[in-house]
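J.: Got a sequence here, can you build the structure:
(one chain, ligands or ions: 2)
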Amino acid sequence: MKTLLCGGAGYIGSHMLKWLVERGHSVTVLDNLSTGHREAVQWGEFVQADLLDPASLESAFAGRSFDAVIHFCARSLVGESVAQPYDYYANNVAGTLNLLEAMKRHGVSKLVFSSTAAVFGHPVQDFIDEEHPKAPINPYGASKLMVERILADAAQAHGLRSMALRYFNAAGASPESDIGESHQPETHLIPNALRAALGTGPGLKVFGSDYPTPDGTCVRDYVHVDDLAQAHEQALAYMDTHEGAHAFNLGNGQGFSVREVIDAASRVAGRPVPYELAPRRAGDPPVLVASSQRARAELGWSPRYTSLDDIIETAYRWHRNPRY
Ligand SMILES: NC(=O)c1ccc[n+]([C@@H]2O[C@H](COP(=O)([O-])OP(=O)(O)OC[C@H]3O[C@@H](n4cnc5c(N)ncnc54)[C@H](O)[C@@H]3O)[C@@H](O)[C@H]2O)c1
Ligand SMILES: O=c1ccn([C@@H]2O[C@H](COP(=O)(O)OP(=O)(O)O[C@H]3O[C@H](CO)[C@H](O)[C@H](O)[C@H]3O)[C@@H](O)[C@H]2O)c(=O)[nH]1
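T.: Ligands and ions are numbered 1, 2, ... in the order given. As a prediction, this is how the structure comes out:
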């Protein structure tokens, strides 16, 4: 199978790339390297192009044929999206429209799209399933929900088959430590906790300790990047037999508080995570935990990393000696 992997130089995209190539897929990566790393594209073919530049986008399609596109490209910092909404709607919505138009021109009719738990906004139930109301509370989540709606319209108008996969908190790294998470600036909890423990980053700030949760800190559902990669491969197969636009929530179904993550990171690193309590970060819901029953039932998805310590262990191995 020939796949165009947009955003394949990024954190989740590079794990997808490795996963697909190891399973015999032929992959072309398209990335503008705005937040991704050329060093992360260690397999397949690389085309430097920007979704906002139709001519460069065209160069990725020209002379190649693809069975499907997997689309990870996005600006994805919640706080930044509040401050710079135009940039977020331009990159995440207009960029995706350019991609959809190129796919239509070149007869590619299957898409897997990176959506997010942020499409739900404040949860109204403990386990968020696909039927949960979608009421994003920031431009990042709104931009992803707009794309989901465009995909539903594209199915009806153009027969596009699509799978929106809504990740909860992607975490961990390839067990071989050849690729891993390297965002600049790093805003995610697990890398920041590990870098604080290793002394390669500043002390961790715990954003909020007065939330209505058992220990006062936010609760999240951490899912390993390789388990996400497996779901994407299953999503590609699902579209062979299913028309239309579909959406699936992807998480482990278990929530861990920031304090529990700090304890786990300390256990894994064998040393304490230096931290201080800090004010709440704008836009953080207290609890986000997935129900992934639909993905389990319909895709046959079954995450292999169910222990938080095991997930953090793979991240720790990467952060001890990051290659980029
Ligand atoms: N990391 C998470 O926990 C998480 C959770 C939910 C959803 N997501 C979504 O998953 C996707 C990947 O997330 P990530 O953490 O790997 O992010 P990332 O920033 O590491 O990867 C995104 C990649 O897309 C590229 N890119 C961005 N805009 C582009 C453009 N206009 N043209 C070409 N390339 C472009 C970047 O250079 C980067 O390599 C994003 O769409 C994000 O919104 C991530
Ligand atoms: O240095 C830090 C970093 C994070 N946190 C806290 O740790 C929790 C997890 O934060 P992350 O930044 O690791 O993850 P988010 O839940 O904010 O973000 C994830 O979910 C979002 C949707 O809600 C987006 O999809 C985003 O791309 C994805 O990484 C939050 O309560 C946050 O306040 C800290 O206390 N200190």
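
J.: got the residue ranges for the strands in the stretch 101-250 of the chain?
T.: 110-116, 161-167, 169-171, 204-207, 219-220, 222-224, 245-250 (DSSP state E, counting those that start in this stretch).

J.: Residue in the stretch 151-300 of the chain with the shortest distance to ligand 2?
T.: Nearest residue of the stretch 151-300 of the chain to ligand 2, counting by Cβ to the nearest ligand atom: C218, 3.0 Å away. C-beta: built from backbone N, CA, C; applies to glycine.

J.: Tell me the confidence at that residue?
T.: As predicted, C218 sits at a pLDDT of 96.

J.: and it, what does it touch?
T.: C218 is in contact with F207, G208, Y211, S257, V258, D284, P285, P286, V287, counting by Cβ atoms under 8 Å, 6 or more residues apart in numbering.

J.: Repeat the analysis, applying 7 Å as the threshold.
T.: G208, Y211, S257, V258, D284, P286 (Cβ atoms under 7 Å, 6 or more residues apart in numbering).

J.: so can I have a markdown table of the strands of the stretch 101-250 of the chain showing mean neighbour count and distance to G141?
T.: Below are the strands of the stretch 101-250 of the chain laid out as a markdown table (neighbours: other Cβ atoms under 10 Å; distance: least, Cβ to Cβ, whole Å):
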| stretch | mean neighbour count | distance to G141 |
| --- | --- | --- |
| strand 110-116 | 25 | 6 |
| strand 161-167 | 24 | 10 |
| strand 169-171 | 24 | 14 |
| strand 204-207 | 19 | 18 |
| strand 219-220 | 23 | 15 |
| strand 222-224 | 25 | 18 |
| strand 245-250 | 23 | 14 |
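
J.: In helices, which of the contacts of C218 appear?
T.: V258 (DSSP state H).

J.: pLDDT-wise, what's the bottom of the contacts of C218?
T.: Across the set of the contacts of C218, D284 stands lowest in pLDDT, at 88.

J.: Now it, what are its backbone angles?
T.: Here is the backbone geometry of D284 (degrees, to the nearest 10): phi -90, psi 110.

J.: That one against T213, yeah?
T.: No. The pair D284 / T213 is not scored as a contact, 11.3 Å apart, by Cβ atoms under 7 Å.

J.: Can you get me a residue count around the residue nearest to H25 when sequence neighbours are not counted?
T.: The spatial neighbour of H25 that comes closest, neighbours along the chain excluded (Cβ to Cβ, 6 or more residues apart in numbering), is M1 at 5.1 Å. Close neighbours of M1, defined as other Cβ atoms under 10 Å, add up to 16.

J.: Residue numbers of this protein in contact with ligand 1?
T.: Contact residues (Cβ under 6 Å from any ligand atom) of the chain with ligand 1: 7, 9-13, 31-36, 50-52, 72-74, 76, 91, 95, 114, 116, 167, 169-170, 183.

J.: which of those come close to ligand 2?
T.: Filtering the residues of the chain next to ligand 1 for neighbours of ligand 2 using Cβ under 6 Å from any ligand atom leaves S76, T116, N169.

J.: got those as CSV, with pLDDT columns?
T.: Shown next, in CSV, are these (pLDDT from 0 to 100):
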residue, pLDDT
S76, 95
T116, 98
N169, 98
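
J.: and those residues as CSV, adding distance to H232?
T.: Formatted as CSV, these follow (distance: Cβ to Cβ, whole Å):
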residue, distance to H232
S76, 17
T116, 15
N169, 17
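
J.: Could you measure from the spatially closest residue to T187 that is not a sequence neighbour over to P133?
T.: With Cβ to Cβ, 6+ apart as the criterion, T187 has its nearest non-adjacent residue at 6.0 Å, and that residue is L77. Taking Cβ to Cβ, to the nearest Å as the measure, L77 falls 24 Å from P133.

J.: on that earlier part again, quick one: neighbours of the residue nearest to T187, just the number.
T.: 18.

J.: That one and E186 touch, don't they?
T.: No. Applying Cβ under 7 Å, one finds L77 not in contact with E186, separated by 10.6 Å.

J.: can I get the CA coordinates of stretch 64-84 in PDB?
T.: This file holds the C-alpha atoms of stretch 64-84, laid out as PDB (Å, rounded to 0.1, in the frame of the first residue of the first chain):
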ATOM      1  CA  ARG A  64       3.300   9.500  -7.600                       C
ATOM      2  CA  SER A  65       0.100   7.600  -6.800                       C
ATOM      3  CA  PHE A  66      -1.200   7.000  -3.400                       C
ATOM      4  CA  ASP A  67      -3.900   4.700  -2.000                       C
ATOM      5  CA  ALA A  68      -4.500   6.900   1.100                       C
ATOM      6  CA  VAL A  69      -3.400   9.900   3.000                       C
ATOM      7  CA  ILE A  70      -2.700  10.100   6.700                       C
ATOM      8  CA  HIS A  71      -2.800  13.700   7.900                       C
ATOM      9  CA  PHE A  72      -1.000  14.800  11.100                       C
ATOM     10  CA  CYS A  73      -0.100  18.400  10.100                       C
ATOM     11  CA  ALA A  74      -1.300  21.000  12.500                       C
ATOM     12  CA  ARG A  75      -0.500  23.700  14.900                       C
ATOM     13  CA  SER A  76      -1.500  22.100  18.200                       C
ATOM     14  CA  LEU A  77      -0.800  24.300  21.200                       C
ATOM     15  CA  VAL A  78      -4.100  25.200  23.000                       C
ATOM     16  CA  GLY A  79      -2.800  28.400  24.600                       C
ATOM     17  CA  GLU A  80      -1.200  29.600  21.400                       C
ATOM     18  CA  SER A  81      -4.400  29.000  19.500                       C
ATOM     19  CA  VAL A  82      -6.200  31.400  21.800                       C
ATOM     20  CA  ALA A  83      -3.600  34.100  21.200                       C
ATOM     21  CA  GLN A  84      -3.300  33.400  17.400                       C
END
